[in-house]
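Chemist: All I have is the shape, not the residue letters:
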């Protein structure tokens, strides 16, 4: 689009009859991610009740840019405007940098109007804006998928490949379906053991309802048919994104999580996926080291923030020492209690 057209740019909030137009734009944009889709607006509003502000840039009735935003406000964790909470990628998509800058600055204006502490844009790539500063300590990991199971396994680094080979001898089996109930049960226990509040079960069901054709669940069963590991994955643009996964107590001994991710790679390739997106992890964390063990390089993320009411960058990381007591206490909660109380906290931890 010629720069002269940008003078006629208008930015509005997404209307319900424009969702298909928005999603088509995301599909066609080279940086459009699964997390830019309007389905997240539906899921977030329905599950958590957070106000959503999906900004659409128009020029002569043509959509030329999008920026999904959600306000997350609580007494405990502050007030923020984020693109997008509960998602690892976000930020603006636009035909040109000039349009992107207008969208990002519109988000900052909205943040000032809402009196948020800060505005956060979860850009995957470095995208400069003098009104924001880079603020991220995470990387994402991924790899291309080889054509056969043997080739996929051969592409894993030697030490982790040996672990996967070991798991293949443990009489495990995998099933793929839409059973988000089992995925949630396994995930809830897994995150409780890590000291993290779990989402409400309805979140998983809402994801399945909205993204049914782009979602499945792979569950690993023991020789007795008992679930031991499970992962809910998204499929978009020939990629698979294992997103909510975990394992029960026996998973470590059985190496069922290693088995699970390998089986998911093979399954996704059978479906025609060509890339495996292992997602975001905090730099130098145990999760990051695990992903590196597969031979997947770290790709630094380039989230950026603009402070509005806050005077310094808030540290909401679970590695923040002030959360240590809470995390250690949470690990000891009965599972039923963590599932009862967790949703009241996790809705603000996106």
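Modeler: Alright, I've got the coordinates. What you see is a predicted model, and the numbers here were worked out from it, not measured in a lab.
Chemist: okay, now residue 274: neighbour count?
Modeler: 14 (other CB atoms under 10 Å). C-betas here are computed from N, CA, C, even on glycine.
Chemist: List the contacts of it.
Modeler: 144, 145, 238, 239 (CB atoms under 8 Å, 6 or more residues apart in numbering).
Chemist: what distance separates the helix or strand bottoming out on mean pLDDT in the chain from the middle of the whole chain?
Modeler: When the helices and strands of the chain are compared on mean pLDDT, DSSP states H and E, helix 324-331 comes out lowest with a mean of 81. When C-alpha coordinates are averaged (CA atoms, centre = their mean, to the nearest Å), helix 324-331 and its chain have centres 24 Å apart.
Chemist: let's number from 28 now, not from 1
Modeler: Okay, using 28 as the starting number, the last item reads as helix 351-358.
Chemist: Name the residues of that helix that are buried.
Modeler: When burial is assessed from 16 or more other CB atoms under 10 Å, helix 351-358 yields the following buried residues: residue 357.
Chemist: Give me the residue ranges of the stretch 228-377 of the chain where confidence is low.
Modeler: 343-347, 349-350 (pLDDT under 70).
Chemist: what's the closest non-adjacent residue to residue 45?
Modeler: When the adjacent residues along the chain are set aside, residue 45 lies closest to residue 83, with 6.6 Å between them (CB to CB, 6 or more residues apart in numbering).
Chemist: If the one you found is in a bridge, with which residues?
Modeler: Here residue 83 sits in beta bridges with residue 39, residue 93, as judged by DSSP bridges.
Chemist: residues in contact with the least confident helix or strand of the chain?
Modeler: If you take CB under 8 Å, 6+ apart as the criterion, helix 351-358 is touched by 219, 220, 221, 222, 223, 224, 345, 365.
Chemist: Next step: the contacts of residue 301 restricted to helices.
Modeler: For these, not one is inside helices, with DSSP state H as the criterion.
Chemist: which among the residues you listed end up buried?
Modeler: Neighbour-count burial (16+ other CB under 10 Å) is assigned, among the contacts of residue 301, to 172, 266.
Chemist: quick one: which of the contacts of residue 301 is nearest residue 70?
Modeler: When those are compared for distance to residue 70 (CB to CB), residue 266 comes out closest, at 19.3 Å.
Chemist: how much space between the nearest residue to the closest one once chain neighbours are set aside and residue 267?
Modeler: Counting by CB to CB, 6+ apart, the nearest residue to residue 266 once its immediate chain neighbours are dropped is residue 302, at 4.5 Å. Here the distance between residue 302 and residue 267 works out to 8 Å (CB to CB, to the nearest Å).
Chemist: For the stretch 78-227 of the chain, give me the ranges with low pLDDT.
Modeler: Looking along the stretch 78-227 of the chain with the criterion set at pLDDT under 70, you get no residues whatsoever.
Chemist: mind listing what the closest residue to residue 211 other than its chain neighbours touches?
Modeler: Across the structure, with CB to CB, 6+ apart as the measure, the residue nearest residue 211 apart from its sequence neighbours is residue 231 (4.6 Å). Under the criterion of CB under 8 Å, 6+ apart, the neighbours of residue 231 are 207, 208, 210, 211, 214, 259, 271.
Chemist: which ones among the residues you listed are found in helices?
Modeler: When those are checked against helices (DSSP H), the matches are 207, 208, 210, 211, 214.
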